[in-house]
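1. This is a predicted model, with the sequence first.
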Amino acid sequence: MSQSRFGDDRDAPAGSGETGSAGLLHRMRARWPPLSSVGQDPDYRFSLANERTFLAWIRTALALLAGGVAAVQLVPAFRFHGGRLILGVTLVVLSIMVAAGSYSRWTANERAMRLGQSLQPSLVPRLLAAGLTLVALLALFLVIVSG
Amino acid sequence: MAEKPGRDWPPVIDSGLQAERTRLAWSRTALAFGAVGALMLHSGMSTGNRLHELPGLIALCSAAGTYLLGVTRYHATTRKVPRGQPMTSAGAVRTLTALTALTVVLALVLITR
């Protein structure tokens, strides 16, 4: 169905509205086709395992978010002015990166499984490890300074 | 032990309980959403401004939405798998990502106000 729609678009005469947002959408679809049109349906067990991995990453992002909110709203003030806000915002920014990474990882894994390719490594675990190390060092610094 | 006469037991279609495990993962995610929502609501209520309670309430509604999404996914999976139909749902994944992004933005507004 989508192929015939694309075919209609290609047959349309020049200057008939293919420019602008519709043209951009068409080019994006050509570059990143919908998952359902790529390769073959994988074993449903693999798709569900990919979905559970995505959900586990989302829970990690939500835990980071809860930590960020709690750091600002519930932790007593440090002697270092603005320490709680820096800690909280760092955790929330880390949460954004993990949530965004989880979606792109799910898409990449699903696409690779549909095409029968091996799964590509992800930057998200390294990003999370580096971010949490930064947060821990920041918290250690704030606790020591507050004495 | 023999099965009770007259009971029509459905055939086992998922010996690894994949669909059930995935539904439980959705439920755990909904609970995590609920915890974040309760925390945000607590923070908003402590300010005394009713408007600051809105992010927490939206996050709690997202928790309910996530749970319902998981239930819907479970029923769709158990219905489609025996028929050999594709059960991957990019829509459910995108919806949850959007709900998470919305909650993160609301939390950022709440803590930097």
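-> Yes, it's here.
2. make it CA atoms for all contacts and neighbour counts henceforth
-> Fine.
3. residue ranges with poor pLDDT in chain A?
-> Counting by pLDDT under 70, the ranges of chain A that qualify are A:1-20, A:147.
4. mind running it again at 90?
-> Filtered on pLDDT under 90, chain A yields the residue ranges A:1-45, A:73-83, A:120-121, A:145-147.
5. Show me what from it comes close to chain B.
-> Chain A has residues A:35, A:41, A:44-45, A:47-49, A:51-52, A:55-56, A:58-59, A:62-63, A:65-66, A:69-70, A:72-73, A:85, A:88-89, A:92, A:95-96, A:99-100, A:103 near chain B, with proximity defined as Cα under 8 Å from any Cα of the partner chain.
6. secondary structure element for the closest residue to A:Gly131 other than its chain neighbours?
-> Nearest residue to A:Gly131, sequence neighbours excluded (Cα to Cα, 6 or more residues apart in numbering or on different chains): A:Leu94, at 6.5 Å. Per DSSP states H and E, A:Leu94 falls inside helix A:83-115.
7. what about the helix or strand just after that helix, distance to the chain center?
-> Next helix or strand after helix A:83-115 toward the C-terminus (DSSP H and E): helix A:124-146. Relative to the mean C-alpha coordinate of its chain, helix A:124-146 is positioned 21 Å out (Cα atoms, centre = their mean, to the nearest Å).
8. Equivalent analysis for stretch A:72-83, please.
-> 29 Å.
9. Report the buried residues of it.
-> A:72-73, A:77, A:83 (16 or more other Cα atoms under 10 Å in any protein chain shown).
10. Now A:Ser95: closest residue in space, sequence neighbours ignored.
-> Nearest one to A:Ser95, counting by Cα to Cα, 6+ apart, is A:Ala61 at 4.5 Å.
11. so that neighbour makes contact with A:Val93?
-> No. Under the criterion of Cα atoms under 8 Å, A:Ala61 makes no contact with A:Val93, lying 9.7 Å away.
12. okay, which residue is most central for chain B?
-> B:Thr66 (2.5 Å; Cα atoms, centre = their mean).
13. and the buried residues of stretch A:72-83, which two are the farthest apart?
-> A:Gln73 and A:Gly83 (12.1 Å; Cα to Cα).
14. Which of A:Ala61 and A:Val93 has more residues huddled nearby?
-> A:Ala61 (29 against 19; other Cα atoms under 10 Å in any protein chain shown).
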